[in-house]
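S.K.: Next one to model:
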Amino acid sequence: MQGKKTFKDEKELLFSLSAHVPEHNFYRRLKQQLDLSFLAELTRGYYGKCGQQSINPVVFFKLCLVGYLENITSDRRLIEHCSLRLDLLYFLGYQLEEPLLWHSTVSRTCQLFPEAVLESLFDRVFSLCVEKGMVRGDTQALDSAPVKANASMDGLLLKQPVESMQQQEAPKMRAP
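M.R.: Numbering: from 1, shown residues only. Sure thing, here's the model as predicted:
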């Protein structure tokens, strides 16, 4: 008899995220190697003293790093991408049932820091990755597609200036 799979959503789930991210996973190893606790002190002056609690600067810079490493330039797409991957949730320190922040929070946090400070801190985070041997800069990838050229000097056309929009286009002349 043919089996049939039906999906039942769990109301309660006992799940260990760390048990489901393999030891050899890049982001698991990066989490073990990377200590970004220094960011809290370096960014403290850019945050207010009252109001709602903001995004942890360590989480923010980890998100920036993921965006850089995964080549994701959209904050909306970055948050969606991270919410779908167990290893990224583990790297960021989020639980499976814990919702990630809004994409606009990432954008607003970027605007919180002056550009030079943001770039300097990210460079420091990235340098730590390089120092730990997790990221290298010795390989370059280029995206290109070969296109067969189909050009001939005999096929060149001279462009004629158009004096007004109401005149018809001047006939094209072949180059001598």
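
S.K.: which helix of the chain spans the most residues?
M.R.: Identified as the longest helix of the chain according to DSSP state H is helix 115-131.

S.K.: Okay, now the sheet partners of whichever helix or strand comes after that one, with direction.
M.R.: Moving toward the C-terminus from helix 115-131, the next helix or strand (DSSP states H and E) is strand 157-158. Looking at strand 157-158 with DSSP bridges, its partner strands are strand 173-174 (antiparallel).

S.K.: What mean pLDDT does the partner strand get?
M.R.: Strand 173-174 comes out with an average pLDDT of 52.

S.K.: Give me the residue at the spatial middle of this protein.
M.R.: Residue closest to the mean C-alpha point of the chain, counted by Cα atoms, centre = their mean, is G67 at 2.1 Å.

S.K.: hang on, isn't it packed against T73?
M.R.: Yes: counting by Cβ atoms under 8 Å, G67 touches T73, with 7.0 Å between them. (Glycine included, C-beta is placed from N, CA and C.)

S.K.: quick revisit: Provide the backbone phi and psi angles at the residue nearest to the centre of the chain.
M.R.: Per-residue torsions, G67: phi -60, psi -40 (degrees, to the nearest 10).

S.K.: Helices along the chain, start to end?
M.R.: Taking DSSP H to define them, one finds helices in the chain at 26-33, 38-43, 57-69, 75-83, 86-92, 103-112, 115-131.

S.K.: Show me what the mean pLDDT comes to for the second one.
M.R.: Spelled out, that is helix 38-43. On average, helix 38-43 scores 89.

S.K.: gap between L84 and C110?
M.R.: In this view, L84 and C110 are 22 Å apart by Cβ to Cβ, to the nearest Å.
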